[in-house]
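Participant: Okay, predicted coordinates and the sequence, questions at the end:
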Amino acid sequence: ILNVEQSPQSLHVQEGDSTNFTCSFPSSNFYALHWYRWETAKSPEALFVMTLNGDEKKKGRISATLNTKEGYSYLYIKGSQPEDSATYLCASYTGTASKLTFGTGTRLQVTL
Amino acid sequence: KAGVTQTPRYLIKTRGQQVTLSCSPISGHRSVSWYQQTPGQGLQFLFEYFSETQRNKGNFPGRFSGRQFSNSRSEMNVSTLELGDSALYLCASTLGRGDQETQYFGPGTRLLVL
């Protein structure tokens, strides 16, 4: 993996459903993996910054895991609510690039 | 604590003109990064400034430049605008390095080049 890739590109779930997205990133020279939530007409808002292999972080109904050896992170949302509707971005920071490289995001829509 | 502010919020320019965008980071933050967002693309890194020095630069032509002042406020300039420069420009600030620290984003400046 040379770039940061996110899947799926978009997702449409019903209220109460649990869902998860994937972020794949270059595993060599890894420093950190960031997750952001970006609601329409607002600024991207940080969810997690993860650095250690096996890291698991949680914020309310949202949690994330990190596998630095194979270069992937999962974001989970339990019991999705309409207010979870947003684009979820991941970004990796490697020593090679010395900058945050963002994926194109997963757009989540939660309907009643 | 006030968040990251960007001015102007919206801008319309014509091809060939130049534009300057401004970003005021959160008080105490010394690092400011700039990103470009175009439809279908992820946030593309433009450059990062720390203590008035450009610390890193993305793969953008020399028409894109920036600077940071002693109060950490930053400006980016695009000269000889092209239609493809139409985008949302976001800045983000952090206390120190941008790698393991949360980036706090501003609301963005939406630039339309006609």
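Facilitator: Yep, it's here.
Participant: In terms of secondary structure, what does the helix or strand of chain B with the lowest mean pLDDT contact?
Facilitator: Across the helices and strands of chain B, mean pLDDT, DSSP states H and E gives its lowest value to strand B:53-57, namely a mean of 90. On a contact count with 3 or more C-beta pairs under 8 Å, 6 or more residues apart in numbering or on different chains; DSSP states H and E, strand B:53-57 meets strand B:44-50, strand B:64-68. For every residue, glycine as well, the C-beta is placed using N, CA and C.
Participant: Compute the inter-axis angle for the very next helix or strand once past the shortest one and strand B:44-50.
Facilitator: The reference is to strand B:64-68. Per DSSP states H and E, the first helix or strand lying C-terminal to strand B:64-68 is strand B:74-78. Calculated by axes from the mean of the first three to the mean of the last three C-alpha atoms, to 10 degrees, strand B:74-78 forms an angle of 140 degrees with strand B:44-50.
Participant: sorry, back to before: tell me which residues of the least confident helix or strand of chain B are tucked away?
Facilitator: Residues B:55, B:56 are the ones in strand B:53-57 that count as buried (16 or more other C-beta atoms under 10 Å in any protein chain shown).
Participant: any idea how far that strand is from the chain center?
Facilitator: How far strand B:53-57 lies from its chain's middle: 12 Å, per C-alpha atoms, centre = their mean, to the nearest Å.
Participant: Grab the nearest non-local neighbour of the residue nearest the centre of chain B.
Facilitator: For chain B, the residue nearest the mean C-alpha position is residue B:34 (3.2 Å; C-alpha atoms, centre = their mean). Closest residue to residue B:34 apart from its sequence neighbours, by C-beta to C-beta, 6 or more residues apart in numbering or on different chains: residue B:46 at 4.0 Å.
Participant: One more: residue B:44?
Facilitator: Nearest residue to residue B:44, sequence neighbours excluded (C-beta to C-beta, 6+ apart): residue B:36, at 4.7 Å.
Participant: What is the neighbour count of the one you found?
Facilitator: 21 (other C-beta atoms under 10 Å in any protein chain shown).
Participant: how about the residues of chain A that lie near chain B?
Facilitator: Within reach of chain B by C-beta under 8 Å from any C-beta of the partner chain, chain A has these residues: A:4, A:31-32, A:34, A:36, A:42-46, A:49, A:51, A:89, A:91, A:93, A:98-105.
Participant: ok, residue A:20 touching residue A:72?
Facilitator: No - contact criterion C-beta atoms under 8 Å: residue A:20 and residue A:72 do not qualify, at 11.6 Å.
Participant: re the thing from before, CA-only coordinates of the helix or strand hosting the residue nearest to the centre of chain B in CSV, if you can.
Facilitator: Here residue B:34 sits within strand B:31-37, counting by DSSP H and E. Coordinates of each C-alpha in strand B:31-37 appear next as CSV, following Å, rounded to 0.1, in the frame of the first residue of the first chain:
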residue,chain,number,x,y,z
SER,B,31,2.1,24.7,13.9
VAL,B,32,-0.2,25.6,11.0
SER,B,33,-0.8,23.2,8.1
TRP,B,34,-2.7,24.0,4.9
TYR,B,35,-4.8,21.5,2.8
GLN,B,36,-6.7,21.6,-0.4
GLN,B,37,-9.9,19.7,-0.9
